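Trainee: generate a structure from the sequence data that follows.
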Amino acid sequence: MSAVPHDDLRDEAGRRYPAHLDVWEVREPRDWPGAWWADWYKLPPERYPLPLPPATYERNRRYRDNRRRRETVRRTVRIRRVTGTDVPRTGWRFVAELPDGELVGELRAHERNPHLRYGHGRDSEREMVLDGTLVAFNYRRLGIGRRLVEALVGGMRDQGIVSAHAIADGPGIDLLLACGFRLEASRPAALRLTRA
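Mentor: Okay, the predicted model is just below:
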């Protein structure tokens, strides 16, 4: 995002947006601060409570600075696989880092042998289990989680692993569906152990 708005963007009356503010296009409800329903309801466009404007901007300096910081993070974050003695042989760990080394996201997964689980199949066969994907709260919805999952899938492709399993809830479900996972018919249960 440029600090200077695009000259070709106009409001619904054909006017240019204020030159001193950052202007961005509104492609979906989440792009517009006025779309109060975007985080709670998935509505088709014809049912939006308000029509989406072609573009928008933020007048609050704190919000504007946060948005600029998030755009900088989106551009500069790097994904890498962590290897070494602190990661088990069958463990996979990917991190999302900024150029200064700040950790902003992490994905952990492990390989398992379907033969051990089902009692049949080849001993050499492997599948992946996604243990979790975390992104720092301030940097969510920047595509970092998707990039972490894509790095895992790329590593699986290189190793000849064809399937991955995951259990997710809330926004994690939407992330994994967007990355190509499909819902299964099984019904996992959430369990907790608290030692007295």
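
Trainee: hey, let's count contacts and neighbours off CA atoms from now on
Mentor: Fine.

Trainee: which ones are touching the residue nearest the centre of the chain?
Mentor: Note on the chain: the residue nearest the mean C-alpha position is residue 145, at 3.0 Å, using Cα atoms, centre = their mean. By Cα atoms under 8 Å, 6 or more residues apart in numbering, the residues touching residue 145 are 105, 133, 134, 135, 175.

Trainee: ok, 7 Å please
Mentor: Going by Cα atoms under 7 Å, 6 or more residues apart in numbering, residue 145 touches 133, 135.

Trainee: assumed it was part of a helix.
Mentor: Yes - Residue 145: assigned to a helix according to DSSP: H, G, I helix; E, B strand; the rest coil.

Trainee: gap between it and residue 176?
Mentor: Noted for residue 145: a distance of 9 Å to residue 176, by Cα to Cα, to the nearest Å.

Trainee: who touches both of these two?
Mentor: In contact with both residue 145 and residue 176: no residue, using Cα under 7 Å, 6+ apart.

Trainee: show me the helices in the protein, by range?
Mentor: For the chain, the helices defined by DSSP state H occupy 61-76, 114-118, 144-159, 171-178.

Trainee: mean neighbour count, the ones you listed: which tops it?
Mentor: helix 144-159 (a mean of 18; mean count of other Cα atoms under 10 Å).

Trainee: over that helix, what's the mean pLDDT, rounded is fine.
Mentor: When pLDDT is averaged along helix 144-159, the result is 95.

Trainee: what do you get for stretch 82-98?
Mentor: Stretch 82-98 shows a mean pLDDT of 92 in the predicted model.

Trainee: contacting residues around it?
Mentor: Against stretch 82-98 from outside (Cα under 7 Å, 6+ apart): 73, 76-81, 103-111, 148.

Trainee: can you rerun that using 10 Å?
Mentor: Here stretch 82-98 makes contact (Cα atoms under 10 Å, 6 or more residues apart in numbering) with 72-81, 102-112, 126, 128-136, 144-145, 147-149, 151-152, 155.

Trainee: pull out the buried residues from it.
Mentor: Of the residues in stretch 82-98, 91, 92, 93, 94, 95, 96, 97, 98 count as buried by neighbour count, 16 or more other Cα atoms under 10 Å.
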